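Colleague: Just the structure for this:
(5 chains, ligands or ions: 4)
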Amino acid sequence: AIAAQDVLVLARAEDPPTADPGIEISNSGYTLTYAAYERLVAYKGASTEVGPELAESWTADDAGLVWTFKIAAGHKFDDGSPVDAAAVKFSFDRLMKLKAGPSDAFPVLKEVEVVDPQTVKFHLTAPFAPFISTLAVSGAAIINPKVMEHEKDGDMAKAWLAEHTAGSGPYRIASWERNQSIVLDSNEHYAGAKPALKQVVLRIVGDVSARRLQLTNGDADIIEQIPLDQAEALQKDASVVVESNPSMYVNYIYMNNRQPPLDDAKVRQAISYAVDYQGIIDGIMLGQAKQMRGAVPSGMWGHDPQGFQYSYDIEKAKALLAESGKGDIHLTYTFSQADPAWEPVGLALQASLAEIGVKLDLQAVADTTKRELVANGKFDMAPGAWTPDFADPYMFMNYWFDAGKMGGPGNRSFYNNSKVTGLVQEAASIVDEAKRKALYIEAQKLSTDDAPYLYIMEKNDIFARRAAVKGYVYNPMLIQVYNFGTMSKTE
Amino acid sequence: MMTMGTAEPRGQALAINNLSLEFPTFSGAVKALDDVTISVGKAEIVGIVGESGCGKSVTTMAATGLLPKGRYRITGGTVRLFGHSTLSMDDNQLQDLRGKVVSTIFQEPMNALNPTIRIGKQLTDVIMRHEEIGLAEARRVARDILADMLIGEPERVMNLYPFELSGGMRQRVLIAMAFSCNPGLIIADEPTTALDVTVQAVILRLIQNRARRTGTSVIFISHNVAVVSQLCDRLYVMYAGRIVEHGATRTVLETPQHPYTQALLRCLPERVAPKQELEAIPGAVPNLLHPPAGCYFQPRCKEAVEQCRTQSPQLVGASGQQVACWRRGAATELVEQGGRQ
Amino acid sequence: MAITRIILPRLILLLFVVLGVAVITFTISHLIPGDPARMIAGDRASAETLENVRRNLGLDRPVVEQFTIYIGNLLQGDLGTSLRTNRPVAADIRTFLPATLELGVVALFIAICLGVPLGVLSAVYKDGPIDQVARTVSVCGISMPVFWFGLILIYVFYAKFQILPGSGRLAMGIATPERITGFLLIDSLLQGRFDAFRSALYHIILPGFVLAFANMGVITRQIRASMLDVLQEDYIRTARASGLRKGMIIFNYALRNALIPSITLLGLALGDLLYGAVLTETIFAWPGMGTYVVTSIQTLDFPAIMGFTIVASIGYVLINLLVDLAYMLADPQIREV
Amino acid sequence: MTEGVGTIARPVLEVSDLHVRFPASRNWLGRPTSYVHAVNGVTLEVGAGKSLGIVGESGCGKSTLAQAIIGLAPFEQGRLAIDGEDFQKAQGKQKRALRQKMQIVFQDPQSSLDRRLPVWRLISEPLHIRGGHSRAELHEKAEELAIAVGLRPEHLDRLPHEFSGGQRQRIAIARAISTDPELLVLDEPTSALDVSVQAQIINLLLKLQRERGLTYLLISHDVALVRHFCDDVAVMYLGQIVESGPADEVLRNPRHPYTQTLLAAAPSFESPLPDIAQVRAGELPNNRHLPDGCFYKQRCDRIGGGCEAGQVLRRLSESARHVRCHLAQT
Amino acid sequence: MRRTKSFSERLRYFWYLSRRSPLTLVGVAIIVLVLVMIVAAPVIAPYNPDKVSLTARLLPPSAAHWFGTDEVGRDLFSRVIFGARASCGAAFMIVLISMSVGVLIGCFSGVVGGRVDTAIMRLMDVVLALPALVLAMALAAALGPSLFNSMLAVAIVRIPAYVRLARGQTLSLREQVFVKASRTFGASPFYILRWHILPNAMSPIIVQATLDLGGVVLIAAALSFIGLGAQPPTAEWGALVSSGRSYMLDQWWYATFPGLAILITAMGCNLVGDGIRDMLDPRLRGR
Ligand SMILES: Nc1ncnc2c1ncn2[C@@H]1O[C@H](COP(=O)(O)OP(=O)(O)OP(=O)(O)O)[C@@H](O)[C@H]1O
Ligand SMILES: Nc1ncnc2c1ncn2[C@@H]1O[C@H](COP(=O)(O)OP(=O)(O)OP(=O)(O)O)[C@@H](O)[C@H]1O
Ligand SMILES: [Mg+2]
Ligand SMILES: [Mg+2]
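Modeller: Ligands and ions are numbered 1, 2, ... in the order given. From the prediction side, this is the model:
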């Protein structure tokens, strides 16, 4: 049965954990929060720059400590009540009070002040360059203060919002059958153009093959999480379009800089030269990726297109290893199944390191265990995946290289270069983008030379849709997030 | 009284002629029966005695087709049960005969009744299977026959489960069940072995009375010669799958001809002074997988001669008493011996 | 008297079990290297955020205190909050249990309907061709890796020939009937939603059969064995000797008694069913407890795992209680004494 | 002494007022709520080199009595002495020594032998348990015993299932005499055997008694066997001895109504089947609730005044006989 | 009547019984095959099971790769052969552990009796009430997913079955006349355990263990399938089916062959178990 023209069916493997913007930290949940809520600002089309959404304009004081937003009139929550400054304050207060994952995007937020119903002021404790882009994240969604009617045991309506929405976005959750489907209905009070799609259904289809069959049968319009091989097979179907877009989802490998022999930059460089990057991209990723060049991915400003890139060069690797004087190196690659590429990459790495006489053992553990081991620095090498929460090189540079963020927060190779730390911290505290860019590029140069991580690849974001689905705009910051409101189906 | 063959000599209930049977096993064929001939007249009570494993049960079970399917082989002989040739009947035909023409009472009363079904139901199931009557009528028949078996409060007993009855009661229920459709022949396979002597005496009496009254024939199997002597008109003595002696009970017990019969009677403590050595039969019953040549009793027989070791003797003698022994063949004069000292 | 003698120890056992299971799962959950707080707050959460989440979860308190609180809540029917779905575990279980039960009941039904006759035939025609076939089928069932069998069936019936649906409980575009019992097959009929009924029926065929197949094997084997035992009992010989018809002997006299020892097995089979259900659900994307617990385990959602374990154990004990009662009813010797 | 079964010879076994009961039902805490009263005050003596037979119907407590004597069934009340030594008071090693002065032969030779052990090991098990013998010694001893019971040395390495019932019973007897006991308790040692084999076993037991001066306590259903085998007999009913005395006297001229019924019912060549009235004695009363007064009164046809009172086993004036019936005592 | 049957006679007897049940023979053949696979894996397997070849991805079955290749070009036939080691080895260890521990506890409990027995049995009731797979999963999750951890978990969960069986055997043997006889000779509980109970209790336990082996092969594979057992790149059947799952539509061979291996191996154990049980059953035994 092919779904009606104004209903879009999206099939994915698992339920989003929750729909609460104050809690949710996964892209899977962003599918819902972006569809149901609006934020003060939003990414502009396909770009990583932000523009007005609820806020029609904003100003910052010179110190970058007070930001004033003017809220556009006419935005209404799905119950018809207007979006005003109080709602903004409520949403941020709630976010900071819950102090779950999403609040980490606002490390310097001191207070939100309601000036008048259409004006709101944000007070920061310190200047924070990426502040304006952080307002486009899922956690910055503006929630209808009336949700507090659903509060239970002081949970800030957490339980209720986990499965319901109370936003001003184009859609609202109509029903949620766990592990089966989530139905989004269009929000009649939505201020923007009336969406062509009346209903969006998120179906949970655990099995890849089943998802694929549903797409080819027309039972589903969009399917996610398709293995590369399946994507290749799907491409042959004329009624199906495989969307493959360069993303900022990077695969890299932490090398434990605190642990001999990896504490020796020469060894790390040698290893960096010993990786068959192109082999991995072609053989494992079937070409749906490209080699990283420095820490900041190519879609993000702050990327250095001229930056240094290690290449597959066994001779150089051997030479560097010899230079380091370390022999008989025996390392462990600790990985989990969270990313399907990690295992084959490990196997490839094992093969190529063997060529320079480095023995690599593969150790598979549960993902949670892997994270814990990494956070505590109990590993030699471990694969990682990273996506930015907000569109700022801060997401890479400050997390990856700041010596103060070692372990879980981001500097997972325990890289400690005071010069680099100084550069990135400085870049985070000033507002001028050009200046910041220069600082970040400088920091990248230094760090790339130290090779704290193995920069493997930027992966493409892949999903498949029926050719009839029109109007999808890809934004690298919004993986698994769809502009349902402006999409349509023609058949 | 019931459907009967026409060619049957008058007065014959069961005629087993020259029946031979073996059980194929891994180690070879167990020749359980060899040339067994038994006949039971109408209203006659016939006993079969012999030691354990000599084929008493197999004989009667073969005659009624109750042996486990596919585990045995008939190698010769015929069986006629009121004119029916049971050996050639299939299971369904046999089912029509069983209970109606011939009933069997088994050795162990403990497990012979279904533990999860009330006594009354088990009885009426059998009655209604063979008689065209309704449940109420069947229950009445059952009640009467239980009463006939001296079971007090038959109504109550019919509502009980077997485990609520003592062994003696159960055996009486089984006898009632066997008699319930007035069969022409009852096969009682050691019905009292597991019971007390007092209970045994009652049960023997009940069987005897009922059989005499209804003219039912009875085959009574036992290894207790004393019991058989009290109950039976005629007697077959079996040894290792063969009939070794047969005749009127009195005659056989008072003037046993076969050395085995004699020895059997002599080893009973009853007939010997206290603390005297009993005349035991040396050795043991032969293994029917590899039976000895000649007479099967020959290895244990004090009188055995060369002929006994090579040729097996046939049952010979007048109809009053027949014996299968070379030393007692028709030609040989009857040697003294036997009887009571 | 006899009833209380059976029920009382079971209820005491139930307490033991719940406590034991709670202790075991609780201990495990505190031994694991993964940090639940990190799970909620995300990989890159700051130390401060982690601390806050930990405090909210009560993880900052001494272990013994945490356990007492847990048990206290447990007694009030509160199983805690899932780290993954952020919903009360009890609510999650209420959501997913009916789907599993429905699948289990259907599977058990199929298994019994096929397994019992097969076992009976196999025993009655022992060593014959029917027996060989029945035994082969039954051994196949017992030896079948459920997860693989499911995959193969999905491949054949869904992917290749598209005869039957391969995942979920209802087809696209069919609204879920309002929840009354949670059993779609029943709810849809109650509401006269025949479209939903048809769809639910189609959807349950494959997973139901896969789950039934293994249990059918077990049931066939058990029935065959106990039928063989019963068929050589003296009372069967008595029944044969009194001329009862074959059908009556097999079904009224033998099967009845053969079922008694099988009742116990049925209890165990239900336990196995649960294990099978976990696998079957993951294959068929069946939105039940199995899928829930597997995902919970993969994400180390310990409140959910504990909740599931406790509920499953209680279920197990209750099933066994029922089995014992059934046993008692079936066996007059126990019933009447 | 007014009660008890006495023989003139030095008593090897003395039992007085022995009671054995088994829990019949328990509450859910595991405490017994009712009992099966299997043995209800048995007093007897067996003189050295003598045989005492115990007859009685099924379930009257014969085996329980035997097991209590041999130590398999615990008894709460009563006294048990072997060779004058009180069994209850003995401890540890002494108790073990006392225990080895008596041995038991069970009814079913099949189940009383571990089917996984070879014959020599079975025969020498009591010695093996006692310890202190090498394997070779045990084997040697077993051979000796095997020959004594009529087995051949080549049988020693076989397993029990390779033997006939009679041979197995011989193995069991060899085992029982391996520790040179004084008393053998024989619990229906031949009832699972054919008469021809029974004769062999009875002969063997009589021979052993002559050769070794063994004392026997024989339990049997078979009145004829007891008459043949025993010097004295005790008739048991519902856990009590109702009549006792020299075997030929008691069995020729029974005084207790129960003994009379028992004898009338016993099958024999001499007499025809008894009438139903003669033997229709009903069944053993439930031993969960012992009857008041005379235990036999429901089944007795001679019931008269005085039967409501409990009966005591009293010596008849003219002989060594005892009867538990006030009507028969006069 | 010779004391022990000669070997050839035993063989003949076995053959006699097997003829009656050809299925048992099939089972024996399977077990032998699997054993050969385990022992001679390096000889049989045409390739190194872990050899990655990114150019030979997902090839269909052919003369060169009988079962095809996987997503990184490893030879599936070789991986299935080597998988026998992990899969069956694990199953064997599980059964061995749970059987020995269970039998020890069960016999001890049965012999000692009284409160200790009650306490042990209640504990076993609790363990038995734990959903087996879930406990296995929980333990595996807690101690980290590895074949060893899941093995441990499964072994623990299966202990009560053996405890019950062994205890039941002990209790019924304790009532056997030959054990009572032994007691009258003054045998200590330990003596009785050593000489009478253990030897006589073993055959049903061995049967149970053989049947169990089949079940445990399935469970070990299932755990690996869910991702809690053997971890890639270890070649293990359940894990192979699991990785093959996503390729089911286009590369059917990937999941099919390892699954078949599981099915056949489990069948072998079950058939042999049934066979042994039939042979030990005196009812069915030919004389
Ligand atoms: N199914 C069988 N397979 C092999 N041999 C059998 C089978 N049934 C009986 N036999 C053998 O047939 C012989 C006769 O057995 P049967 O049961 O007739 O003896 P019986 O005289 O009734 O003995 P009992 O007094 O012990 O009942 C025995 O040697 C027995 O071993
Ligand atoms: N272990 C036991 N537990 C409970 N009741 C028992 C036990 N042993 C025996 N009894 C009961 O004690 C009574 C006497 O049994 P016992 O075996 O001593 O009788 P018996 O005279 O030897 O009978 P039989 O002649 O049948 O062997 C019976 O009612 C029996 O049910
Ligand atoms: Mg017989
Ligand atoms: Mg007894």
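Colleague: what mean pLDDT would you report for the biggest helix by length in chain C?
Modeller: With DSSP state H setting the assignment, residue counts place helix C:194-231 as the longest helix in chain C. Across helix C:194-231, the average pLDDT comes to 91.
Colleague: So for that helix, what gets flagged as buried?
Modeller: C:196-197, C:199-200, C:203-231 (16 or more other CB atoms under 10 Å in any protein chain shown). C-beta coordinates here come from the backbone N, C-alpha and C atoms, glycine included.
Colleague: now swap in stretch C:15-33 and tell me
Modeller: So for stretch C:15-33, counting by 16+ other CB under 10 Å, buried means C:16-18, C:20-22, C:24-26, C:28-29, C:32-33.
Colleague: And stretch B:211-220, by the same measure?
Modeller: Buried residues in stretch B:211-220, counted by 16+ other CB under 10 Å: B:A211, B:T216, B:S217, B:V218, B:I219, B:F220.
Colleague: Now do the strands in the stretch 51-200 of chain B.
Modeller: Taking DSSP state E, counting those that start in this stretch to define them, one finds strands in the stretch 51-200 of chain B at B:73-81, B:84-85, B:102-105, B:185-189.
Colleague: Just the CA atoms of the helix-or-strand element of chain D with minimal mean pLDDT, as CSV, please.
Modeller: The weakest-scoring helix or strand in chain D, judged by mean pLDDT, DSSP states H and E, is helix D:276-279 (a mean of 74). This file holds the C-alpha atoms of helix D:276-279, laid out as CSV (Å, rounded to 0.1, in the frame of the first residue of the first chain):
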residue,chain,number,x,y,z
ILE,D,276,-15.9,-67.0,51.7
ALA,D,277,-17.4,-66.7,55.1
GLN,D,278,-14.4,-68.5,56.5
VAL,D,279,-11.8,-66.1,55.2
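Colleague: buried residues in it?
Modeller: D:Q278, D:V279.
Colleague: Quickly find the element holding the residue of the stretch 1-150 of chain D found nearest chain B.
Modeller: As assessed by CB to the nearest CB, chain B sits closest to D:E57 within the stretch 1-150 of chain D, at 4.2 Å. Assigned by DSSP states H and E, D:E57 belongs to no helix or strand.
Colleague: Could you find the closest non-adjacent residue to it?
Modeller: What sits nearest to D:E57 in space, not counting adjacent residues and going by CB to CB, 6 or more residues apart in numbering or on different chains, is B:D196, at 4.2 Å.
Colleague: next one: A:A354
Modeller: In space, A:A354 is closest to A:L360, 7.4 Å off (CB to CB, 6+ apart).
Colleague: Wasn't that neighbour part of a strand?
Modeller: Yes. Assessed by DSSP: H, G, I helix; E, B strand; the rest coil, A:L360 belongs to a strand.
Colleague: Tell me if I'm right that it and A:S352 touch.
Modeller: No. The pair A:L360 and A:S352 fails to qualify as a contact (CB atoms under 8 Å) at a distance of 9.1 Å.
Colleague: Does D:M102 touch D:A68 like I think?
Modeller: No. Counting by CB under 8 Å, D:M102 does not reach D:A68; the two are 11.8 Å apart.
Colleague: re earlier: just put the buried residues of stretch B:211-220 in TSV and tack on pLDDT.
Modeller: Output for the buried residues of stretch B:211-220, formatted as TSV (pLDDT from 0 to 100):
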residue	pLDDT
B:A211	91
B:T216	93
B:S217	94
B:V218	95
B:I219	95
B:F220	95
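Colleague: Which members of these are positioned in strands?
Modeller: In this view, the buried residues of stretch B:211-220 that belong to strands under DSSP state E are B:S217, B:V218, B:I219, B:F220.
Colleague: Tell me the one among those residues nearest to chain D.
Modeller: Closest to chain D, out of all of these and judged by CB to the nearest CB, is B:F220, at 11.9 Å.
Colleague: what's near enough to touch the closest one?
Modeller: B:I45, B:V46, B:G47, B:I48, B:A188, B:I207, B:V228, B:L231, B:C232 (CB atoms under 8 Å, 6 or more residues apart in numbering or on different chains).
Colleague: Equivalent analysis for D:A264, please.
Modeller: Going by CB under 8 Å, 6+ apart, D:A264 touches B:A201, D:P274, D:Q278, D:V279.
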